[in-house]
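1. okay, here's the prediction I keep looking at, along with the sequence it came from:
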Amino acid sequence: MFKIYKFYPKNFNVKQYWEDRYAQEHIAGRDAADFKTQGFWPLLQQQLTKEGAYLDAGCGIGGWVSFLHEEGYNVAGIDEAARVVRALTEYNPDLQLKIAPITRIPYSDQSFDGVLAIGTLEYLEDELALALKEVHRVLKPGGTLFLEVPVANILRKLFYLPLKQLQYRVYKTLRYHPNFAHYLWDPASITHALTQAGFTVETVAAHDLPAADGHYGLYVDWRIFRGGSPYHLNPMGRIVKALANAISPWVASTGMVVVAKKVKT
């Protein structure tokens, strides 16, 4: 796995920035049914039953926990961003939400049939093993972990990561302070981590935004591919996306989804 760093202004509070941003962007006023358009929804749906109990660990702005609740699933959510959790609770008092990180899940052993960690694990600097241990603890034997993380795809390995390493060295020389941003994984590294934590990996699949002109990774990584609205590509970006996907979805995929099962003992 690869650590990605960002260089913020002096005394910039990264945690506060994201909590403020999430508090402004929570799911209120959005159509949660849009989550059905996510490319991995059919795969996720195969793992869910209306009789099961599920946890959205790191529920963020509340999209998945709200959507699954509306679909009739028994789902709870946790996030350490207190303002976001309170805003979601005010928006829908029926949601089962608690303020907590995935590294300290406030539920007893074997409480859930499944845990979702969508866009969560990549932000845990040096705490992946602890988070997976907690997920393993609260899952029932044979329970499912469904996760989504950003991937070190071929384009990133060839171009993006070398440029980020160069940026890191230059900024360190200029005495800027690096702040951990997130991890990038390849399929082998995430599979190894899950196996070490007591899971068997059943599925690993590339994932990106479903719209033909949308691409989170190309938009965020490369300014030259950005269109007029967030995560939409300009004509050059759309050509790169089309060419990459014609070769393999792993060439430019932003992330990967993984289905893993807690080993029965």
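-> Yes, it's here. Numbering: from 1, shown residues only.
2. per-residue pLDDT, the residue lying closest to residue 5 once chain neighbours are set aside?
-> Closest residue in space to residue 5, ignoring its immediate chain neighbours: residue 178 at 4.0 Å, by C-beta to C-beta, 6 or more residues apart in numbering. (Glycine included, C-beta is placed from N, CA and C.) pLDDT recorded at residue 178 is 85.
3. where does the prediction get shaky in the stretch 101-250 of the chain?
-> For the stretch 101-250 of the chain, applying pLDDT under 70 flags no range at all.
4. and the helices in it?
-> 128-138, 154-155, 161-173, 187-196, 216-221, 235-247 (DSSP state H, counting those that start in this stretch).
5. Serialize those to a markdown table and add fields for mean neighbour count and distance to residue 255.
-> Below are the helices of the stretch 101-250 of the chain laid out as a markdown table (neighbours: other C-beta atoms under 10 Å; distance: least, C-beta to C-beta, whole Å):
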| stretch | mean neighbour count | distance to residue 255 |
| --- | --- | --- |
| helix 128-138 | 20 | 16 |
| helix 154-155 | 17 | 13 |
| helix 161-173 | 13 | 16 |
| helix 187-196 | 16 | 11 |
| helix 216-221 | 20 | 8 |
| helix 235-247 | 15 | 14 |
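6. can you pull the contacts of the nearest residue to residue 130 once chain neighbours are set aside?
-> Of all residues not flanking residue 130 in the chain, residue 103 sits nearest, at 4.8 Å (C-beta to C-beta, 6+ apart). The contact partners of residue 103, taken as C-beta atoms under 8 Å, 6 or more residues apart in numbering, are 124, 127, 130-131, 134.
7. could you check how far residue 103 is from residue 127?
-> 5 Å (C-beta to C-beta, to the nearest Å).
8. is it fair to say residue 4 lies in a strand?
-> Yes. Residue 4 sits within a strand when classified using DSSP: H, G, I helix; E, B strand; the rest coil.
9. how far away is it from residue 57?
-> 21 Å.
10. in the longest strand anywhere in the chain, what's buried?
-> For the chain, the longest strand by residue count, based on DSSP state E, is strand 139-150. By neighbour count on 16 or more other C-beta atoms under 10 Å, the buried set for strand 139-150 is 139-140, 143-150.
11. picking that back up, residue contacts, the residue nearest to residue 5?
-> For residue 178, the contacting residues are 5-7, 168, 171-172, by C-beta under 8 Å, 6+ apart.
12. hmm, back to that, to residue 120, which of the helices of the stretch 101-250 of the chain lies closest?
-> Residue 120 sits nearest to helix 128-138 of all the helices of the stretch 101-250 of the chain, at 7.9 Å, using C-beta to C-beta.
13. what helices or strands is that closest one leaning on?
-> Packing partners of helix 128-138 (3 or more C-beta pairs under 8 Å, 6 or more residues apart in numbering; DSSP states H and E): strand 53-57, strand 112-118, helix 187-196.
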